[in-house]
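Predicted model and sequence below, questions to follow.
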Amino acid sequence: MTDTGCDDRALEDIEAAHASGGVARREATIVRGQGARIFDQQGMSYIDLSAGHGWAGLGHAHPAVTQAIREQAEKLVCLTESAFNDQRALWLSELTALLQLELGSTGRGPLTRVNISNSGSEAIEAAIKLARLFTGRSEIVSFRRGFHGRTLGALSATARQTFRQPFEPLVPGFSHLPYNDLAALAVGITERTAAVIVEVVQGEGGVHIARPEFAQALRDACDRAGALLVIDEIQTGLGRTGRWFASQHFDLAPDILALGKTLGGGVPMGATIWREALGTIPAGSHGSTFGGGPLACAASRAVLEVIREEDLPQRAARLGRLLLERLAGSDARVVRQVRGLGLMLGVELRTKVTPILRRLMQRGVWALPAGMNVLRLLPPLTISESELDNAVTAVEEVLRDA
């Protein structure tokens, strides 16, 4: 048992007394993580099929990331971008080289300009500002069921009314088209559109995947209208779907790319990357006190190195195929559909997902919802095959007994 000086109930009471209330909590006090497992204060172990809501692509306390954080913390934790920095320069070089290697064959010019922030929501905020700046237009198009963050701009791009309604009116100039609807693109993307923001796999919205013909029509529609295509890879990026970037499954070239979650290895980090041909932005027009800090850049360098050296995208593709095939045989009385790419899967249920999540916790498995009736599975890309097998066995048994 970890000695915190308080038992679980006391700690939960403290949080409940002072927390905003904006985030629903489970009845567990998590104090440690290691690999694909998280542990509560009593020592109960859970296989983490949520990857910490997606950020723990390398699992918890990965030794390479932990070492990079420890070493950098002893040198320099924070430095604004008003001065040059060694870790930031090296990270920018390594990230843009990766993008050129993985996405450079699209013929649209390299993604070389980067704004560094602290989260995926901030990455989307920057993308919205950049699109309006570069095009001189104001209208932004996104898609129903999409989720892009909770700050006002990112929330304006998010269609789900549950998230939006308490904070309206939101930022003007946003519209939401039906996903995978080719006809809607022709009328919804016009010469007034600055940018179209899309997830090619909608995570929070239920793990819905773009159809190949929709992805191509989306790129074509943006080109015809002179609009910029912003691909939100905050949850899908860096190996999650079996490729470095989910857009690679569709040969879909972004003008602006948004990254987050796995990027910092647990250290808050987001990035907005755009094509060189779009140019730079005026000094002082956008920035962040903590964005691009040496600690985050050092952690991210370790993340990128581990993903590359261990070929985690390929591993995610292999394990994801096995997982999809296995869950596809689930009882049709309970499961309507299983869908996903790589280690990003959604199990659409014929019942509400919350009771399933509770029963999984009792079995030592921590998973996520994606709406009211979708069980979302995002295991760390480093999860052992035995841990994944044990977790999926628990999922199968819980679904069978539902």
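Done, it's in. Just so we're clear, the structure is a prediction, and the values are computed from it rather than from any experiment.

Tell me the secondary structure of residue 375, please.
For residue 375, the assignment made with DSSP: H, G, I helix; E, B strand; the rest coil gives strand.

Quick one: neighbours of the residue lying closest to it once chain neighbours are set aside, just the number.
Using CB to CB, 6 or more residues apart in numbering and skipping the chain neighbours, the partner closest in space to residue 375 is residue 347 (4.2 Å). C-beta coordinates here come from the backbone N, C-alpha and C atoms, glycine included. With neighbours defined by other CB atoms under 10 Å, the count for residue 347 comes to 26.

contacting residues around residue 347?
Contacts for residue 347 were tallied using CB atoms under 8 Å, 6 or more residues apart in numbering; they are 327, 330, 335, 337, 338, 374, 375, 376, 377, 395, 399.

mind checking pLDDT for the fifth one?
pLDDT for residue 338: 97.

Show the backbone phi and psi for it.
Main-chain dihedrals, residue 338, degrees, to the nearest 10: phi -120, psi 130.

That one pairs with what?
residue 347 (DSSP bridges).

That one reaches residue 345, doesn't it?
Yes. Contact criterion CB atoms under 8 Å: residue 338 and residue 345 qualify, at 6.7 Å.

If you count surrounding residues, which of the two has more?
Applying other CB under 10 Å to residue 338 and residue 345 shows that residue 345 carries more neighbours, namely 23 against 20.

Could you identify the helix or strand that succeeds the helix or strand encompassing residue 88?
For residue 88, the host element (DSSP states H and E) is helix 86-103. Later in the chain than helix 86-103, the nearest helix or strand by DSSP H and E is strand 111-117.

remind me which residues of the stretch 151-300 of the chain are low pLDDT?
Applying pLDDT under 70 to the stretch 151-300 of the chain flags no residue at all.

what about the helices in it?
For the stretch 151-300 of the chain, the helices defined by DSSP state H, counting those that start in this stretch occupy 152-156, 161-164, 182-188, 212-225, 294-309.

so which of the ones you listed comes closest to residue 142?
Taking CB to CB, helix 152-156 is the member of the helices of the stretch 151-300 of the chain nearest to residue 142, at 8.5 Å.

For that closest one, name the packing helices and strands.
With contacts taken as 3 or more CB pairs under 8 Å, 6 or more residues apart in numbering; DSSP states H and E, helix 152-156 sits against helix 120-135, helix 161-164.

just checking, what packs against the longest one?
In terms of contacts (3+ CB pairs under 8 Å, 6+ apart), helix 120-135 is packed against strand 111-117, helix 152-156, strand 193-198, strand 228-232, strand 256-259, strand 270-275.

again with the last one
Helix 161-164 is packed against helix 152-156, with contacts defined by 3+ CB pairs under 8 Å, 6+ apart.

List the buried residues in the helix it packs on.
Buried residues in helix 152-156, defined by neighbour count with 16 or more other CB atoms under 10 Å: 153, 154, 155, 156.

The second one and residue 147, how far apart?
Spelled out, it's residue 154. Going from residue 154 to residue 147 by CB to CB, to the nearest Å gives 9 Å.

Who are the contact partners of the spatially most central residue of the chain?
By CA atoms, centre = their mean, the chain has its centre lying nearest to residue 235, at 1.6 Å. By CB under 8 Å, 6+ apart, the contact set of residue 235 is 54, 120, 199, 201, 203, 204, 260, 261, 344, 378.

so what's the second one closest to, chain neighbours aside?
Read that as residue 120. residue 260 (3.0 Å).

so the one you found makes contact with residue 271?
Yes. Counting by CB under 8 Å, residue 271 is a contact partner of residue 260 at 7.4 Å.

Spell out which residues are contacts of both of the two.
Common contact partners of residue 260 and residue 271 (CB under 8 Å, 6+ apart): residue 123.

Buried members of the contacts of residue 235 into ChimeraX, please.
Buried subset of the contacts of residue 235, written as a ChimeraX selection, criterion 16+ other CB under 10 Å:
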select :54,120,199,201,203,204,260,261,344,378
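
Shouldn't residue 52 be within a helix?
No. Assignment of residue 52 by three-state DSSP gives coil, placing it outside any helix.

so how many other residues sit close to it?
For residue 52, the neighbour count with other CB under 10 Å is 20.

Quick check on it: phi, psi?
Backbone phi and psi, for residue 52 under degrees, to the nearest 10, turn out to be phi 60, psi 40.

Tell me how far it lies from residue 38.
Between residue 52 and residue 38 the computed distance is 8 Å (CB to CB).

same question, residue 98
Separation of residue 98 from residue 38 (CB to CB): 29 Å.

residue contacts, residue 25?
12, 15, 16, 19.

Give the closest residue to residue 328 in space, chain neighbours not counted.
Using CB to CB, 6+ apart, the nearest residue to residue 328 is residue 338, at 5.0 Å.
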